[in-house]
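Enquirer: only geometry, no sequence info:
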DNA sequence: TGTTAGCACTCTCGTTAGATGAGTGCTAAC
DNA sequence: GTTAGCACTCATCTAACGAGAGTGCTAACA
């Protein structure tokens, strides 16, 4: 069986109406709402075909039809109006991302809020993966007697500060000398590497300042550990928006989904991809059980060509794909431009 | 009418049973479950008295009784077993708070998770209020051509870093000289003060390095602005736990509450207090409409005697007060001890 | 051969009516 | 002061029923 023009128009009508209303739609309603020039009976026949093709389905015998995952996929790939963005939305995105990008955290928070507001869906942002980030430099600044501020700069531009304990008799300046050696050795290596191979090399070079080195290395512990932990958090924005979707009127469903969202690991799997450009994952295309009723639109952030993070939107399978895709696309392009302007160290 | 011993025992039974079961409890059930040595009829008479005293109420005519806000208050103040903590819980708190307290953010995240896990309620943590925090020192570190890392230390021990734009021809070292002047002038002043009065004083002193100063001040902008904004975020842990409480089986109720939680301002009002020690706010005792069905147990964190933050638990009015109070109390004591050990600069 | 009208059938949803059961308040007896 | 008994109230559960929306099939039509 082929998808002729009329079938396409009918499928398009079903998907669009269902996206808007969340109600199964019947032949009669289609005939009334969309001017296809044929009677409900004809549409019924066509719908029967579409069902056989696996593009639509019936929740129960005497209800209208709703799109299947494959139906949404067909719609996104072939039938949808090309995603395009309103001017106000563009302006909003420009404005929100223009404000203070002094801290990476700031960017993430802002963007997350922005996306969920614009789409009325849940936004999902995965920051830079600590595990893979390369070390660039470290500095020590005085803090209090016995303590110092350790500032760590990574090659992806991220700057972190930690308060570390040093001996009472040690000055931050002194420590900085040790740090300089570490900087020379560690620059461009992942923290993982450091632990694996560089440590003893550094050790020998610095043997005369052994006790200082010991403490410096102890200080790096927290960062090195962070490396392994699943500590590259995922930030959710507008998780509540989900409650407004009729498909989540069932409390248990919501609970399950939110629980899955709380476990960072699940989401990370869902978002992880090396793919450039926009990615659309519809319903069952997600492998994960919990997200079978959801779709994810995501795109990657890059810094110096490296994966820096992922920005996405999570919504019910029945979502306004055109709009969501346009918004994610525009936002990530914008962020990538900003990241590019912060040239590599 | 007086609260004699039997009345107290009955009220205690009602509160405890209702906390455990979330079901209104009737005279017959009390007589069966709790061994008071009197018949249901007698208990009915006493319950009638308790209702007249405003300590219990009936959801509808033919249901059992539930505690009123005043009833909970009476229970907490006079009837409750003194809050005390199991050893496992103590150990858990010790262990979780012992791990890396290198970053204030870390402490907040950890504690938030910990509290919500231990109580199965929602934890609420308010970090240091930027607006009130006093400036201590700033440093500049090299980052990339045209940019520097600005590290700001506040008197409450918080360290922040920001990436700031500087002229292409300016070195971070050069900037540090300006910073030294700023440090001398601004130490111990709130950022608010700086804007109001110190700026022109600083200006005159540094007039020869005007262009550098201009940029340094521009850099402080983000922090100064942050000051005014409601940017001292509130961190929620286990907001989902609420969904498990039978009182929130109604989706609209949950939505309303979560919406109120999302607006930081509301919660800030709820938590703000100068009071030392444990604070219990029951149901209608909260002024805010949205939280009439909730109780909040909170306590303040202090650093050098200054209010540093607030740690609390938010749950339905029907919560296990003894347990929640014990946990909040122990946790904040522990955190305060840790903060004290990080002596003031 | 494709399209349409007609019709019987299915299934969900909202309403209504009873039956059930937990709990109360009152009265009178102990 | 305490208790047993009893009539009454009210939420909740269940079954039954009708309305409404939609389908699939058949037969007629162009």
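Expert: All right, it came through fine. The structure displayed is predicted, hence computed values, not measured ones.
Enquirer: and the residue in chain A that DNA strand C sits nearest to, how far is that from residue A:30?
Expert: In chain A, the residue that lies nearest DNA strand C is residue A:62 (2.8 Å; C-beta to the nearest atom of the strand). Yep, even glycine has a C-beta here, placed from its N, CA and C like the rest. Separation of residue A:62 from residue A:30 (C-beta to C-beta, to the nearest Å): 16 Å.
Enquirer: who has more neighbours, these two?
Expert: residue A:30 (23 against 7; other C-beta atoms under 10 Å in any protein chain shown).
Enquirer: mind listing what's buried along the strand or helix carrying that one?
Expert: Using DSSP states H and E, the element containing residue A:30 is helix A:27-33. Buried positions in helix A:27-33, judged by neighbour count with 16 or more other C-beta atoms under 10 Å in any protein chain shown: A:27, A:29-31.
Enquirer: check the residues you listed against DNA strand D, which are close?
Expert: Restricting the buried residues of helix A:27-33 to those within reach of DNA strand D (C-beta under 7 Å from any atom of the strand) leaves A:27, A:29.
Enquirer: including pLDDT, could the buried residues of helix A:27-33 go into a markdown table?
Expert: Formatted as a markdown table, the buried residues of helix A:27-33 follow (pLDDT from 0 to 100):
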| residue | pLDDT |
| --- | --- |
| A:27 | 96 |
| A:29 | 94 |
| A:30 | 95 |
| A:31 | 94 |
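Enquirer: against chain B, which of the buried residues of helix A:27-33 make the cut? List them.
Expert: Here nothing survives when the buried residues of helix A:27-33 are matched to chain B using C-beta under 8 Å from any C-beta of the partner chain.
Enquirer: surely residue A:11 meets residue A:54?
Expert: No - the criterion here is C-beta atoms under 8 Å, and residue A:11 misses it with residue A:54 at 11.4 Å.
Enquirer: which member of the buried residues of helix A:27-33 is positioned nearest residue A:20?
Expert: Closest approach to residue A:20 among the buried residues of helix A:27-33 (C-beta to C-beta): residue A:29, at 12.1 Å.
Enquirer: which residues touch the residue nearest to that closest one when sequence neighbours are not counted?
Expert: In this structure, residue A:29 finds its nearest non-sequential neighbour in residue A:64, 7.0 Å apart by C-beta to C-beta, 6 or more residues apart in numbering or on different chains. Counting by C-beta atoms under 8 Å, 6 or more residues apart in numbering or on different chains, residue A:64 touches A:23-27, A:29, A:58.
Enquirer: could you measure from residue A:64 over to DNA strand D?
Expert: 4 Å (C-beta to the nearest atom of the strand, to the nearest Å).
Enquirer: so what's the residue count around the nearest residue to residue A:56 once chain neighbours are set aside?
Expert: For residue A:56, ignoring the flanking residues on the chain, the nearest one in space by C-beta to C-beta, 6+ apart is residue A:65 at 4.3 Å. By other C-beta under 10 Å, the residues close to residue A:65 number 25.
Enquirer: who does residue A:65 bridge with?
Expert: Per DSSP bridges, the residues bridged to residue A:65 are residue A:25.
Enquirer: for it, list the residues it contacts.
Expert: A:14, A:24-26, A:47, A:50-51, A:56-58.
Enquirer: in a markdown table: those, plus distance to DNA strand C, neighbour count and pLDDT.
Expert: Shown next, in a markdown table, are the contacts of residue A:65 (distance: C-beta to the nearest atom of the strand, whole Å; neighbours: other C-beta atoms under 10 Å in any protein chain shown; pLDDT from 0 to 100):
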| residue | distance to DNA strand C | neighbour count | pLDDT |
| --- | --- | --- | --- |
| A:14 | 17 | 27 | 97 |
| A:24 | 10 | 18 | 96 |
| A:25 | 15 | 24 | 96 |
| A:26 | 11 | 18 | 96 |
| A:47 | 12 | 24 | 97 |
| A:50 | 14 | 25 | 97 |
| A:51 | 15 | 15 | 96 |
| A:56 | 17 | 26 | 97 |
| A:57 | 14 | 15 | 96 |
| A:58 | 9 | 13 | 95 |
